[in-house]
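Novice: Following is a predicted model, sequence given first.
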Amino acid sequence: MGRTLTSHEVAQLLGVNIKTIQRWDREGRLKPTGRRYDTEDQILAFRHQRPATTGPRKTVAYCRVSRQSQRPDLKNQRLALEPFCTARGLANVEFVEEIGGGMNSSTASDSSP
């Protein structure tokens with residue numbers, strides 16, 4: 001967990017004016033605790049960046065078809081992605097397989113061993 005930052009430090013870290021930080025506070029874009037912000041990790045998350053202390057990255061291979069009748073195509077997608085991932089040296093790949101179309105899709109997930 002990172003150290004606690006002042007509003008001024010947050011403004012410097014994000015490269016914006018202190019007034020911008022204050023406006024973001026009012027809009028609820030940042031979640032201050034009193035007069036200070038929680039941590040550097042919070043600001044990194046705001047910037048869509050990972051904290052430096054995160055563990056190894058995870059690779060997810062996504063396979064999807066629209067209808068149940070296309071289930072064989074879903075299997076073929078996975079069979080094509082497995083050697084692709086291996087050839088690029090990707091380890092601990094999680095395969096996510098989905099069957100569905102639109103908002104009311106049903107999903108099936110499967111992780112590789």
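Specialist: Received the coordinates, thanks.

Novice: got the domain boundaries for the protein?
Specialist: Listed by automatic domain parsing, the domain ranges of the chain are 5-46, 59-109.

Novice: ok, which stretches of the protein are helices?
Specialist: Taking DSSP state H to define them, one finds helices in the chain at 7-14, 18-27, 40-46, 71-87.

Novice: And the nearest residue to Ile18 once chain neighbours are set aside, how close does it get to Ile43?
Specialist: The shortest distance from Ile18 to any non-neighbouring residue, by Cβ to Cβ, 6 or more residues apart in numbering, is to Ala11 (4.6 Å). Glycine gets a C-beta too; all of them are placed from N, C-alpha and C. The gap separating Ala11 from Ile43 is 10 Å, by Cβ to Cβ, to the nearest Å.

Novice: what does Trp24 give?
Specialist: To Ile43, Trp24 is 11 Å away according to Cβ to Cβ.

Novice: tell me the centre residue of the protein?
Specialist: Nearest to the mean C-alpha position of the chain, by Cα atoms, centre = their mean, lies His48 at 8.4 Å.

Novice: Pass me the low-pLDDT residue ranges in this protein, would you?
Specialist: 1-3, 31-39, 49-56, 101-113 (pLDDT under 70).

Novice: Most remote residue from the middle of it, which is it?
Specialist: Taking Cα atoms, centre = their mean, the residue of the chain most remote from its mean C-alpha position is Ser69, at 31.0 Å.

Novice: hang on, the earlier thing: the residue nearest to Ile18 contacts Arg23, doesn't it?
Specialist: No. Counting by Cβ atoms under 8 Å, Arg23 is not a contact partner of Ala11; they are 11.2 Å apart.

Novice: Looking at these two, which has the bigger crowd around it?
Specialist: A side-by-side neighbour count of Ala11 and Arg23, using other Cβ atoms under 10 Å, places Ala11 first with 18 against 13.

Novice: so what's the more buried one up against?
Specialist: By Cβ atoms under 8 Å, 6 or more residues apart in numbering, the contact list for Ala11 reads 17-18, 20-21.

Novice: got a winner among the residues you listed for most neighbours?
Specialist: When the contacts of Ala11 are compared by neighbour count (other Cβ under 10 Å), Ile21 ends up highest, at 22 neighbours.
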